[in-house]
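In: sequence and predicted structure, then a few things I'm wondering about:
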Amino acid sequence: MLKRLTALAVGSVLLTGSAFAQETTIKFTLGWKTQGSDAAFFYAKDKGYFKEEGLNVVIDQGEGSGATVTRIMSGAWDAGFGDVNAIIQNSSTRPQDAPVMVYMMWNQPPFSIVTKNTSGIKTIKDFEGHTLGGAQGTPTTRLLPVFIQKNGLAADKIKVTNMAPNLQEPMLIKGDIDAALVFNITSYFNLVLNRQDPEKDYKWFSFGEFGLDLYSNGVMVSQKLLASNPKAVAGLVRAINKANIAVAKDQNAGMASVVAFDNLVDVPVEKRRLQYSFDKLMVSPEMKEIGVGDIKDDRMTRAIGMVVEGYDLKRVPTPKEVFSREFLPARGDRELVYTAN
């Protein structure tokens, strides 16, 4: 009897080990430090959605949404959340290495110019004669010449001062610059953390409303993972989509998963950031038409053209090089309904 129990125990261990060995590990990098707007990734892990797909997803904090692309290209990460415009840039120069976006989340661009209501800047024409502060190399700063050209502004009348990203809001608050070239979802909450009221006391000019109808952040994967394990890519997308739809309905549940991942986050601020990501970046007429996660090819073609112009790129990537809808769940499974709660 003892021998039989021992044999059963050994068999159980072997089966468990076999099942565990079948899990595919995916190293996933966030766009930045732990934030509420990343709740879907933490929720998918916390609720076992990744595990249901046979995936062991290891989530690491990031260094910027553009850096997600270079991290994946280094081979140290398999997937991540980052900026599609950085994919376009790298796909132009290194098409064999650039990752591919497989699930678009922020289909509205966060690239914005923010100014104090007291600055005297009421319209974009008023940028002329004023000083804008920008972090060198960021999409908002790099794409400013395209913004200026598309809106018929005089470039020689707009001064741009380069500065570190963490100095933009403090210098704007002090009045050292008249406006800042920012990511709205970052700058808005930097102002909140600096005890400012970004709604009442500041004016925001979104690039998307002034001729630069660009896409932004989503889930991207390496070409290596695409080629070697498309089943894992499909599972990753299914799990994140399922979590994203759940968090849209219940942000408190999403924030519980954020805290489970990192209990040092400022919950009230990060919950507001999560809701801001739905309000400003994700929920749009296009998303309601085609479902969360997808894009429109003609819009992506125009966006690629703007990025090629802004970054002075020599080769124009095709939309298929930049985005693949091959792994998206059916349209009926991508119906996101957002309710703030």
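Out: Great, that's in hand. Residues are numbered from 1 along each chain as shown.
In: quick check: what element follows the helix-or-strand element of the chain with minimal mean pLDDT along the chain?
Out: One helix or strand of the chain scores below all others by mean pLDDT, DSSP states H and E: helix 2-21, with a mean of 45. In the C-terminal direction, the helix or strand that comes right after helix 2-21 (DSSP states H and E) is strand 24-29.
In: partner strands of that next one, with direction?
Out: Under the criterion DSSP bridges, strand 24-29 sits next to strand 55-60 (parallel), strand 79-83 (parallel) in its sheet.
In: in the first one, what counts as buried?
Out: Residues of strand 55-60 classed as buried: Leu55, Val57, Ile59 (neighbour count, 16 or more other C-beta atoms under 10 Å). All C-beta spots, glycine's among them, are computed from the backbone N, C-alpha and C.
In: now do stretch 23-33
Out: For stretch 23-33, by 16+ other C-beta under 10 Å, it's Thr24, Ile26, Lys27, Phe28, Thr29, Leu30, Gly31, Trp32.
In: list the contacts of it.
Out: 38, 41, 51, 54-65, 68, 71-72, 76-83, 186, 217, 225, 229, 232, 236 (C-beta atoms under 8 Å, 6 or more residues apart in numbering).
In: stretch 194-206 now?
Out: For stretch 194-206, using C-beta under 8 Å, 6+ apart, the contacting residues are 108-109, 111-118, 121-122, 124, 169-170, 173, 184, 187-188, 191-192.
In: roughly how far apart are the residue nearest to Ile177 when sequence neighbours are not counted and Asn166?
Out: Excluding the flanking residues, the one nearest Ile177 by C-beta to C-beta, 6 or more residues apart in numbering is Gly133, at 3.7 Å. Counting by C-beta to C-beta, to the nearest Å, the separation of Gly133 from Asn166 is 12 Å.
In: between the two, who's got more neighbours?
Out: Neighbour comparison, Gly133 and Asn166: the larger count goes to Gly133, with 25 against 9 (by other C-beta atoms under 10 Å).
In: shouldn't the more buried one be within a strand?
Out: Yes: under DSSP: H, G, I helix; E, B strand; the rest coil, Gly133 sits within a strand.
In: pick out the lowest-pLDDT one from the buried residues of stretch 23-33.
Out: Among the buried residues of stretch 23-33, Trp32 carries the lowest pLDDT, at 89.
In: can you tell me the element that residue falls in?
Out: Judged by DSSP H and E, Trp32 forms part of no helix or strand.
In: re the thing from before, could I have the buried ones of the contacts of stretch 23-33 as ChimeraX selection syntax?
Out: Filtering the contacts of stretch 23-33 down to the buried ones (16+ other C-beta under 10 Å) takes a single ChimeraX command:
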select :38,41,55,57,59,62,64,65,68,71,72,77,78,79,80,81,82,83,186,217,225,229,232,236
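In: pretty sure Thr141 contacts Ile148?
Out: No: with contacts counted by C-beta atoms under 8 Å, Thr141 stays clear of Ile148, the gap being 11.9 Å.
In: out of the two, which sits in the busier spot?
Out: Thr141 (22 against 18).
In: got the CA positions of stretch 260-267 in PDB?
Out: The C-alpha coordinates for stretch 260-267 follow below in PDB (Å, rounded to 0.1, in the frame of the first residue of the first chain):
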ATOM      1  CA  ALA A 260      -1.200  43.500  -5.400                       C
ATOM      2  CA  PHE A 261       1.700  44.100  -7.800                       C
ATOM      3  CA  ASP A 262       3.000  47.200  -6.100                       C
ATOM      4  CA  ASN A 263       1.600  48.300  -2.700                       C
ATOM      5  CA  LEU A 264       3.500  51.600  -2.700                       C
ATOM      6  CA  VAL A 265       1.300  53.300  -5.400                       C
ATOM      7  CA  ASP A 266      -0.800  56.300  -4.600                       C
ATOM      8  CA  VAL A 267      -4.100  54.700  -5.000                       C
END
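In: tell me how many other residues crowd Arg302.
Out: Neighbour tally, Arg302, other C-beta under 10 Å: 14.
In: scratch that, Thr118
Out: When neighbours are counted by other C-beta under 10 Å, Thr118 registers 10.
In: leaving out chain neighbours, which residue sits closest to it?
Out: Asp201 (7.9 Å).
In: phi and psi next, for that neighbour.
Out: The phi/psi pair for Asp201 (degrees, to the nearest 10) reads phi -110, psi 0.
In: and if you look at Pro317?
Out: According to degrees, to the nearest 10, Pro317 has phi -70, psi 160.
In: so who does it touch?
Out: By C-beta under 8 Å, 6+ apart, the contact list for Pro317 reads Ile88, Ser91, Ser92, Pro95, Ile304.
In: neighbour-wise, give me the winner out of the residues you listed.
Out: Busiest of the contacts of Pro317 [other C-beta under 10 Å] is Ile88, holding 30 neighbours.
In: contacts only, for that residue.
Out: Ala303, Ile304, Val307, Val308, Leu313, Pro317, Val322.
In: now pLDDT too, for these, in CSV please.
Out: As requested, these are exported to CSV (pLDDT from 0 to 100):
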residue, pLDDT
Ala303, 96
Ile304, 96
Val307, 92
Val308, 93
Leu313, 93
Pro317, 97
Val322, 98
